[in-house]
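Student: Provided below are the primary sequence and the corresponding predicted coordinates.
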Amino acid sequence: MKIKAADFPQIVLESSAHETLLFARDELLKYARAMLGEILTFSAKTTLRLGVDAGDAALGEEGYRIVIGADTVRVSGGSPLGTLYGVYGFLKDFCGCRFAAPGPNGEYVPRWDALNLPDANFVKQPRLWYRGMQFTERYPWESMLAAFDWMAKNGFNYIMYLPLAPDMVASLRTTDPNTGEVRDYGDTVYTDAQFREKLLPAIRRRGLKLDMNHHNLLGVWLPPSKYFKDHPDWYPLIDGQRRANAPQLAVCSSNPEAVGEIVKNVKAFLRCNPDVKIVGVIPQDGWGTGCQCAECARLDQPGDTPPSRKTHRSPEGENRLLSNRYALLLNAIAAALAGEFPEVKVGGAYYVDLQWPPRRVRLHAGILPMVALYWRCGAHSLVRGTPCRINGFFRDLIEQWAAAKPQSFIIYEYYMGMNSQSALPYPMARVIVEEWPELIALGVQGATLQTNPLNYRVYGLNYLAFAAAAWDAPADYEAVLDYWLQGMFGTAAPALRPVFEGLDRAARKIAAGAAHASLQYVPPAEGHLLPNAHNIAYFLDELTPALIDRCVADAGRLCVNDREKAQVAEFAAAVQYWKMAADYFRMRQRVLTPDFPGVTDAEMQEFREKYQRVENQRRAIAATGWSRRTAIVKPPENIKRRQEV
């Protein structure tokens, strides 16, 4: 079938005018005009049909089929969302579009005199039913909206979000009693009303799903600012005092009134937010001791013990006491919701000392456990027999969850290296592609990716590797790299490919135990890549600034339009940040080395100036998607001169 601007097919919606189908039609027209010309003349001889084939086993709920014949193209999905995925699949696989990063500058749209489409009957269905990204902080609304758009174009389906209660937002504005300084963190969060006004319409238009989740026990379901004064007994008794600010499982879970209030608040939220498919009841961050009252102790059984030491990567860190109490709390909530909200799952987060499956409590079928692979190694995959000590532990943990046979379970992944990477490279896309076939075979049914809308250019290759693994069997790392490079840089992509091949090669050297000694926090003998901004010194040593500069210069000469020139210029500014950060961390390592002969006043001044320069450069690229607002590691405030120690 041949499609030109002068005789573009009539677009026919086979189903009722569902909001997502209308959006799919509009997207198809938008990119057709970008590829073929702004003026389309519609022909009565050919049609492009958009339909929904609900109940088609080959499609499931979110799969799609593309059928191309002599005079008809038909795109259909198992739901309107599946049809939207099908439209984007058509644009990518048959038209050559690439959606590498949020926003128009992150997209490659080829120009065609005509589309010559082969006959086809193409079916695709996701391998993972949960493909999510985290949006639990507030960023500029336009950045969040652009990220949602990118998610739909690349086959993600769940948005994890966290609106805070209005009084909790107000409590984030504090005044220092000594200095009078006002600190307001309210612009980093959002309320339910703000979410529904600013973001929900765009989410509904795309048919994406909502998971209200993350650390929300105190921030949403039982805020101390609302309840503690009148109900201190709802909160943990720790060392003889009721605590409003206790970490982790910060509730007296044996108190029926406290549990009842949580259930009441969850139900009220779901009635106001029918789009939500998963509602998490998640402990606060960090380790915790749990409530020490007599009633909570009666929930425990012999063998329910706190961990022998505080560790999250060894069996000695398991907190059986809190794990079983948490399971009992989740079960009570899931049972209370089942009647009114049978289709809603209760999310549970299994994190640090709670990351093991409960040993004596079977989780309710309505619970979706999310296991956090906190500080995993990014150089090794989670395959059976991995030589990596750290990832061997996490592989065993996943196998324990599979053996516990929950109704379903997902993982929480740190493909951006948490904030510890400070928007510096974390090359693990190849690892992501390699490990997911085995994770799927173990029964893992998806993942939420920690992220934020301001760093998609830094870590977009990792995110796209997961998206490919979630849909393709098997996913191809080289194809993902091609897609990302072309989407980001268009005709300049081949010139920059050696930079990303070099990052991948350097990561594989770490896995092989052959990393350069300058990688301070990755012992070469063990071969770990942990989330830490210090890694940039090693990666830049492996790549060499000369290679990067040559690649950037070559890319600049290949650009054929303003978009490509802007993309290469932004990448060059990001690379400058990488180089300055590597220089800073090399000096930091030297200054902090115990046998360093001494730190002079001049050296300390140079050290602090280097830090300020690298921070200024990071801020300068913060709006480009190559950075975010988290600073790199500051110099220590006081360093004694070695000769005086």
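Tutor: That came through, no problem. Quantities reported herein were computed from a predicted structural model and do not represent experimental measurements.
Student: tell me, how many neighbours does residue 485 end up with?
Tutor: 22 (other C-beta atoms under 10 Å). Just so you know, the C-beta spots here come from the backbone N, C-alpha and C atoms, and that holds for glycine as well.
Student: so where is the stretch 1-150 of the chain shaky, pLDDT-wise?
Tutor: Applying pLDDT under 70 to the stretch 1-150 of the chain flags no residue at all.
Student: can we see that at 90?
Tutor: For the stretch 1-150 of the chain, the stretches with pLDDT under 90 are 15-17, 38, 43-44, 137.
Student: Ok, the stretch 251-400 of the chain next?
Tutor: 286-289, 301-313.
Student: can you map out the strands along it?
Tutor: Using DSSP state E, counting those that start in this stretch, the strands of the stretch 251-400 of the chain run over residues 276-280, 345-350, 367-372.
Student: Quick one: closest of these to residue 255.
Tutor: Go through the strands of the stretch 251-400 of the chain one by one with C-beta to C-beta and the one that ends up closest to residue 255 is strand 345-350, at 19.0 Å.
Student: Which helix runs longest in this structure?
Tutor: Longest helix of the chain, by residue count under DSSP state H: helix 562-592.
Student: quick one: average pLDDT of it?
Tutor: The pLDDT scores in helix 562-592 average 93.
Student: Next secondary structure after that helix?
Tutor: helix 601-620 (DSSP states H and E).
Student: elements contacting that next one?
Tutor: Counting contacts by 3 or more C-beta pairs under 8 Å, 6 or more residues apart in numbering; DSSP states H and E, helix 601-620 packs against helix 562-592.
Student: Would you mind measuring from residue 233 to residue 580?
Tutor: 54 Å (C-beta to C-beta, to the nearest Å).
Student: Quick check on the two: which one has the bigger neighbour count.
Tutor: residue 580 (20 against 15).
Student: wait, doesn't that one sit right on residue 612?
Tutor: No. Shown here, residue 580 and residue 612 do not form a contact pair, counting by C-beta atoms under 8 Å, at 10.5 Å.
Student: Quick one: residues contacting residue 393.
Tutor: The contact partners of residue 393, taken as C-beta atoms under 8 Å, 6 or more residues apart in numbering, are 313, 314.
Student: ditto for residue 323
Tutor: 350, 354, 356, 357, 358, 359.
Student: tell me, what residue is most central in this protein?
Tutor: residue 449 (2.4 Å; C-alpha atoms, centre = their mean).
Student: Which residues does that residue form beta bridges with?
Tutor: Counting by DSSP bridges, residue 449 forms beta bridges with residue 133, residue 413.
Student: Put the alpha carbons of the longest strand seen in the chain into PDB.
Tutor: The strand spanning the most residues in the chain, taking DSSP state E as the definition, is strand 42-52. Extracted in PDB, the C-alpha atoms of strand 42-52 (Å, rounded to 0.1, in the frame of the first residue of the first chain):
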ATOM      1  CA  PHE A  42      -8.100  12.500   2.000                       C
ATOM      2  CA  SER A  43      -8.900   9.700  -0.500                       C
ATOM      3  CA  ALA A  44     -12.100   7.700  -0.700                       C
ATOM      4  CA  LYS A  45     -10.300   4.800  -2.200                       C
ATOM      5  CA  THR A  46      -8.200   3.800   0.900                       C
ATOM      6  CA  THR A  47      -9.000   3.700   4.600                       C
ATOM      7  CA  LEU A  48      -7.000   3.600   7.800                       C
ATOM      8  CA  ARG A  49      -9.200   2.000  10.400                       C
ATOM      9  CA  LEU A  50      -8.900   2.100  14.200                       C
ATOM     10  CA  GLY A  51     -10.800  -0.500  16.200                       C
ATOM     11  CA  VAL A  52     -11.000  -2.400  19.500                       C
END
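Student: Walk me through which strands that strand pairs with, and which way each runs.
Tutor: Assessed with DSSP bridges, strand 42-52 is paired to strand 8-13 (parallel), strand 72-77 (parallel).
Student: among the ones you listed, which is the most enclosed?
Tutor: strand 72-77 (a mean of 23; mean count of other C-beta atoms under 10 Å).
Student: Can you show me the CA trace of the helix or strand that that one is followed by as CSV?
Tutor: The C-terminal neighbour of strand 72-77 among helices and strands, as given by DSSP H and E, is helix 80-93. Presented in CSV, the C-alpha positions along helix 80-93 are these (Å, rounded to 0.1, in the frame of the first residue of the first chain):
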residue,chain,number,x,y,z
PRO,A,80,-8.5,1.6,23.5
LEU,A,81,-5.1,1.8,25.2
GLY,A,82,-4.0,-1.2,23.1
THR,A,83,-5.1,0.6,20.0
LEU,A,84,-3.1,3.7,21.0
TYR,A,85,-0.1,1.4,21.4
GLY,A,86,-0.8,0.0,18.0
VAL,A,87,-0.8,3.5,16.4
TYR,A,88,2.6,4.2,18.0
GLY,A,89,3.8,0.7,16.9
PHE,A,90,2.7,1.5,13.3
LEU,A,91,4.6,4.9,13.4
LYS,A,92,7.7,3.2,14.8
ASP,A,93,7.8,-0.1,13.0
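Student: Which neighbouring elements make contact with the helix or strand that helix 80-93 is followed by?
Tutor: Downstream of helix 80-93, the next assigned helix or strand under DSSP H and E is strand 98-99. Using 3+ C-beta pairs under 8 Å, 6+ apart, the elements in contact with strand 98-99 are helix 80-93, strand 107-108, helix 477-489.
Student: Which other helices and strands does the longest one contact?
Tutor: Meaning helix 80-93. helix 19-36, strand 42-52, strand 64-68, strand 72-77, strand 98-99, strand 120-124, helix 141-153.
Student: can those go into TSV with extra columns for distance to residue 532?
Tutor: Formatted as TSV, these follow (distance: least, C-beta to C-beta, whole Å):
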stretch	distance to residue 532
helix 19-36	40
strand 42-52	47
strand 64-68	40
strand 72-77	42
strand 98-99	30
strand 120-124	38
helix 141-153	25
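Student: which one of these lies closest to residue 430?
Tutor: strand 98-99 (19.4 Å).
Student: So which residues of the stretch 401-550 of the chain form helices?
Tutor: Secondary structure of the stretch 401-550 of the chain (DSSP state H, counting those that start in this stretch): helices at 429-442, 456-471, 477-489, 493-511, 535-543, 545-558.
Student: TSV please, covering the ones you listed and showing distance to residue 88 and mean pLDDT.
Tutor: Compiled in TSV, the helices of the stretch 401-550 of the chain are given as follows (distance: least, C-beta to C-beta, whole Å; pLDDT from 0 to 100):
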stretch	distance to residue 88	mean pLDDT
helix 429-442	20	97
helix 456-471	11	97
helix 477-489	13	98
helix 493-511	20	96
helix 535-543	33	92
helix 545-558	27	97
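Student: will you turn those into TSV that also has distance to residue 268?
Tutor: Formatted as TSV, these follow (distance: least, C-beta to C-beta, whole Å):
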stretch	distance to residue 268
helix 429-442	36
helix 456-471	33
helix 477-489	42
helix 493-511	47
helix 535-543	45
helix 545-558	54
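Student: Let me know which of the ones you listed is the nearest to residue 408.
Tutor: Of all the helices of the stretch 401-550 of the chain, helix 429-442 sits nearest to residue 408, with 12.4 Å by C-beta to C-beta.
Student: Check which helices and strands that closest one sits against.
Tutor: Secondary elements touching helix 429-442 (3+ C-beta pairs under 8 Å, 6+ apart): helix 389-404, helix 456-471, helix 477-489, helix 493-511.
Student: which of the helices and strands packed on strand 98-99 sits most buried?
Tutor: Sorting the helices and strands packed on strand 98-99 by mean neighbours (by mean count of other C-beta under 10 Å), the first place falls to helix 80-93, with a mean of 24.
Student: Please list the residues outside that helix that contact it.
Tutor: So helix 80-93 is in contact with 15, 18-21, 23-24, 27-28, 31, 50-52, 59-66, 73, 75-77, 97-99, 122, 124, 152-155, 157, 206-208, 483, going by C-beta under 8 Å, 6+ apart.
Student: Let's see the PyMOL selection covering just the buried ones among these.
Tutor: Buried members of those, defined by 16 or more other C-beta atoms under 10 Å, are picked up in PyMOL with:
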select buried, resi 18+20+21+23+24+27+28+31+50+51+52+59+60+61+62+63+64+65+66+73+75+76+77+97+98+99+124+152+153+154+155+157+206+207+208+483
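Student: Many thanks, I have nothing further to ask.
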